[in-house]
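Visitor: Quick one: sequence plus predicted model below, questions after.
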2 protein chains.
Amino acid sequence: MPTDTKTALLDSAERAARTLGFDGFSYADLAEDVGIRKASIHHHFPSKAKLSVELMQRYFDKFETMYNEFQASSSSGGVQLSTVIDNYRAGLDGGKSLCLCVSFTASRESLPPEVSQLVRRFRTMIIGWLEDAFRMGHSDGTITHVQDPTQEAAAALSLFEGAQLSARAQEDIALFDNAVLLLKSRIIQN
Amino acid sequence: MPTDTKTALLDSAERAARTLGFDGFSYADLAEDVGIRKASIHHHFPSKAKLSVELMQRYFDKFETMYNEFQASSSSGGVQLSTVIDNYRAGLDGGKSLCLCVSFTASRESLPPEVSQLVRRFRTMIIGWLEDAFRMGHSDGTITHVQDPTQEAAAALSLFEGAQLSARAQEDIALFDNAVLLLKSRIIQN
DNA sequence: CAAAACCTACCTATTGGAAGGCAGTTTTCT
DNA sequence: AGAAAACTGCCTTCCAATAGGTAGGTTTTG
């Protein structure tokens, strides 16, 4: 199938939200990008608020599936943590784009409460995975100096999101790498 | 003096930028907040772009002065680091507000290049201080497990900014505390 | 007095959105 | 099977509200 319009709109909106912020793009931008009339977008998404909800929902589902599949493969804690880091890194697009979760946290006040709730659920989910990774890494010896996995997980998520901002501030992915270097050095490669 | 209008406008704009994002407030908002007509703002700031520059410049200057004075007092590395953390924490306003640097990084595309440059200089400045703090803390023994101060500084700044986002996502300052707990536990209190 | 500060009155472009039409497909009823 | 009804996807047209900004006049103040 030749990419249905609704998906194309979601893709375009996600790109826009992650590079320009939720307040930084308009229906007109999406319309031009997708090649449809502005008013036609309302057929798929009656309001920008609804669009934001579907956007965040899709994002949540995507990562939930992805990580679930990955976690089922049950590799070492170190590999799990590495994968999360690489994932955040890949989402950066060289410092041009932010994680949707970060972008929506910044634009919180312009978004419906449903989105904020989804963002919270998203963060809780990621922290859960990180916690598992640290716990596993502690017992299988693939992550060094693990004290409290819960604390480590909270710190790690903040580190990743902050590292994204660092990279974006200078549009240089090296700054992301720099920020996560210390954490990465605690992962034992085998 | 009864707070001059220009300062009142800058204050209002800073508050708005940090809570709503740069694209999330308008001259109309500022006008109502300060008690002035919308068009009168242009007398002080000919354009929103110019306003953003002055805003970031003032922010930069304020922190430069603050940290310079503080650094001159030359306390231990641990105290210096603690102070930076407390500073970021205080700027959070319980999770409602972001650091202007974070907010402007997110809204990068809507801002003039001068602002992006100031943001970069701001970040470089903070990293410099953190580096000094880690270096000092390493030699005076008030921060444990310091490996490479440069790497530590980059990671710490990302951690602080990410921790702010965490707190904002849930409007709960406890999430900031949680994220920086591990780092804080490395500071030796005396 | 002159400059600074602020005003009213506009302006243009853009914002998200409403209303209704229309071709093509699918479903339902007889 | 064939007509009628309903739905889908997109369109054009229109709209009120808001965006940032300009022009020029009036008030305030050093």
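Guide: Arrived safely.
Visitor: When you work out contacts or count neighbours from here on, use the C-alpha atoms and nothing else.
Guide: Noted.
Visitor: Was I right to think residue A:149 contacts residue A:137?
Guide: No: counting by C-alpha atoms under 8 Å, no contact exists between residue A:149 and residue A:137, whose distance comes to 9.5 Å.
Visitor: Tell me which of these two has more neighbours.
Guide: Using other C-alpha atoms under 10 Å in any protein chain shown as the criterion, residue A:149 and residue A:137 rank with residue A:137 on top: 25 against 20.
Visitor: contacting residues for the most centrally placed residue in chain A?
Guide: Central residue of chain A (C-alpha atoms, centre = their mean): residue A:99, 3.8 Å from the mean position. Shown in contact with residue A:99 (C-alpha atoms under 8 Å, 6 or more residues apart in numbering or on different chains): A:18, A:88, A:91, A:92, A:161, A:164.
Visitor: again with residue A:86
Guide: Contacts of residue A:86 (C-alpha under 8 Å, 6+ apart): none.
Visitor: buried set for the helix or strand where it lies?
Guide: Element membership for residue A:86, per DSSP states H and E: helix A:77-90. Neighbour counts over helix A:77-90 (16 or more other C-alpha atoms under 10 Å in any protein chain shown) mark A:77, A:78, A:79, A:80, A:81, A:82, A:84, A:85, A:88, A:89 as buried.
Visitor: So the fifth one is in contact with residue A:130, correct?
Guide: It stands for residue A:81. Yes: using C-alpha under 8 Å, residue A:81 is in contact with residue A:130, at 6.8 Å.
Visitor: can you list the weak-confidence ranges in chain A?
Guide: Across chain A, the stretches falling below the confidence threshold (pLDDT under 70) are A:1-3, A:190.
Visitor: Can you tell me which residues in chain A are near chain B?
Guide: A:19-21, A:23-24, A:102-103, A:105-110, A:116, A:119-120, A:151-152, A:154-163, A:165-166, A:168-170, A:175, A:178-182 (C-alpha under 8 Å from any C-alpha of the partner chain).
Visitor: Please pick the buried ones from the residues you listed.
Guide: Among these, the ones that count as buried by 16+ other C-alpha under 10 Å are A:19-21, A:23-24, A:102-103, A:105-108, A:110, A:116, A:119-120, A:151-152, A:154-163, A:165-166, A:168-170, A:175, A:178-180, A:182.
Visitor: So which of these sit within helices?
Guide: Under the assignment DSSP state H, those contribute A:19-20, A:102-103, A:105-106, A:116, A:119-120, A:151-152, A:154-163, A:165-166, A:168-170, A:175, A:178-180, A:182 to helices.
Visitor: Apart from its neighbours in sequence, what residue is nearest residue A:127?
Guide: Distances taken as C-alpha to C-alpha, 6 or more residues apart in numbering or on different chains put residue A:153 closest to residue A:127, at 5.5 Å, once the chain neighbours are dropped.
Visitor: For that neighbour, grab the count of nearby residues.
Guide: By the criterion of other C-alpha under 10 Å, residue A:153 has 23 neighbours.
Visitor: ok, now which ones touch it?
Guide: Applying C-alpha under 8 Å, 6+ apart, the residues near residue A:153 are A:127, A:128, A:130, A:131, A:134.
Visitor: And for residue A:184?
Guide: Counting by C-alpha under 8 Å, 6+ apart, residue A:184 touches residue A:82.
Visitor: Distance check, it against residue A:178.
Guide: 10 Å (C-alpha to C-alpha, to the nearest Å).
Visitor: got the residues of chain A near DNA strand D?
Guide: A:4, A:5, A:6, A:35, A:36, A:37, A:38, A:39, A:40, A:43 (C-alpha under 7 Å from any atom of the strand).
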